[in-house]
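Student: mind folding the following:
(one chain, ligands or ions: 1)
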Amino acid sequence: MLDKQTSQRILLDIIKLYPRKHKRRDAFYVLISTVLSQRTKDANTERASNALFRKFPTAYELSKAKVDEVEKLIKSAGMYRQKAKRVIQIAQEIVGRYGGRVPDTLENLVKLKGVGRKTANIVLAVSFGIPAIAVDVHVHRIANRMGIVKTKKPEETEVALAEILPKKYWTRLNGAMVNFGQKICAPRNPMCSVCIFREVCSYGQRNASGDSGSRDARS
Ligand code: SF4
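Tutor: Residues are numbered from 1 along each chain as shown. Presented below is the predicted three-dimensional model:
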């Protein structure tokens, strides 16, 4: 395990060097596109979200949509049958319980069917600017792999990272970690030989000689 000071420096460097720009920050879009993003690539999520929001731009409109029509619009995101039902149901709950406005508390967001802590924290951070650390598989994997935390569940990672990172940086961590994971620290074949954290990263120190290092680090 790395010490707190080193861990904090690494996290701040990732935030600074791998920022992720969000094209849209409106809460309903962020919420629905995060649900659509499960188990698919960013490009697929964006295509599906854009098609869906062109046709159904508000919770009111999506709440009245037909499942088969939504399925066609979001097909590129994969698992489209399940996701279509889910996003319509979320829209209906937002209209029925919150007058069409996405709630801005963790407590109320996770009450929406199919919305977990990670998705809720993304909405809080990206749309409402409320300090929250969204821990998805990328954040959980990279933080453990580097030796910043030693945890089994994303919820534990969230708590551990909150103790290391000053609150004012929380909202930017998820996007930066995802970006870093896509560009350098991939799930398989992380590019340790070109990674600036190799000297401090627990995994990098053990495995740098074994990585492929042949993919473009900026792709
Ligand atoms: S050294 Fe390797 S495992 Fe460590 S952060 Fe860099 S790419 Fe990931």
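Student: now what about the helix ranked longest in the chain, what contacts it?
Tutor: Ranked by number of residues, the top helix in the chain under DSSP state H is helix 80-98. Residues from elsewhere that reach helix 80-98, judged by Cβ atoms under 8 Å, 6 or more residues apart in numbering: 28, 31-32, 35-36, 38, 48, 52, 56, 59-60, 62-63, 65, 67-68, 70-71, 74, 77, 100-103, 108, 112-115. Quick note: C-beta positions are derived from backbone N, CA and C, even for glycine.
Student: so which of these are in helices?
Tutor: Residues of these located in helices (DSSP H): 28, 31-32, 35-36, 48, 52, 59-60, 62-63, 67-68, 70-71, 108.
Student: burial of N174, as a residue count?
Tutor: Neighbouring residues of N174 were enumerated by other Cβ atoms under 10 Å; the total is 22.
Student: that one against P131, yeah?
Tutor: No - taking contact to mean Cβ atoms under 8 Å, the distance of 11.9 Å between N174 and P131 leaves them out of contact.
Student: what touches both of the two?
Tutor: Going by Cβ under 8 Å, 6+ apart, residues that sit against N174 and also against P131 are A125.
Student: nearest to the ligand: which residue in this protein?
Tutor: Here the residue of the chain nearest the ligand is G204; by Cβ to the nearest ligand atom that distance is 2.5 Å.
Student: what sits against V123?
Tutor: For V123, the contact set (Cβ under 8 Å, 6+ apart) comprises 27, 30-31, 34, 102, 109.
Student: among these, who's most crowded?
Tutor: Ranked by neighbours (other Cβ under 10 Å), the contacts of V123 are led by L31, which has 26 neighbours.
Student: quick check: closest non-adjacent residue to that one.
Tutor: Spatial nearest neighbour of L31, excluding adjacent residues (Cβ to Cβ, 6 or more residues apart in numbering): V123 at 5.0 Å.
Student: quick one on the thing from earlier: how far away is the residue of the chain closest to the ligand from R24?
Tutor: Counting by Cβ to Cβ, to the nearest Å, the gap between G204 and R24 amounts to 35 Å.
Student: show me the shaky parts of the protein.
Tutor: Residue ranges of the chain with pLDDT under 70: 208-219.
Student: hang on, the earlier thing: buried only: go through the contacts of helix 80-98 for me.
Tutor: 28, 31-32, 35-36, 38, 48, 52, 56, 59, 62-63, 65, 70, 74, 77, 102-103, 112, 115 (16 or more other Cβ atoms under 10 Å).
Student: hmm, L62 is touching I32, no?
Tutor: Yes - with contact defined as Cβ under 8 Å, L62 reaches I32; the gap is 7.5 Å.
Student: identify the contacts common to the two.
Tutor: The contact sets of L62 and I32 overlap at 52, 87, 91 (Cβ under 8 Å, 6+ apart).
Student: out of those residues, which are close to the ligand?
Tutor: Checked against the ligand using Cβ under 6 Å from any ligand atom, the shared contacts of L62 and I32 yield no neighbours at all.
Student: identify, from those residues, the entry nearest to Q8.
Tutor: Distance ranking of the shared contacts of L62 and I32 against Q8, using Cβ to Cβ, places V87 first at 37.1 Å.
Student: what's around that closest one, how many residues?
Tutor: 29.
Student: just the one 3 residues further on next, same as before
Tutor: When neighbours are defined as other Cβ under 10 Å, I90 has 23 of them.
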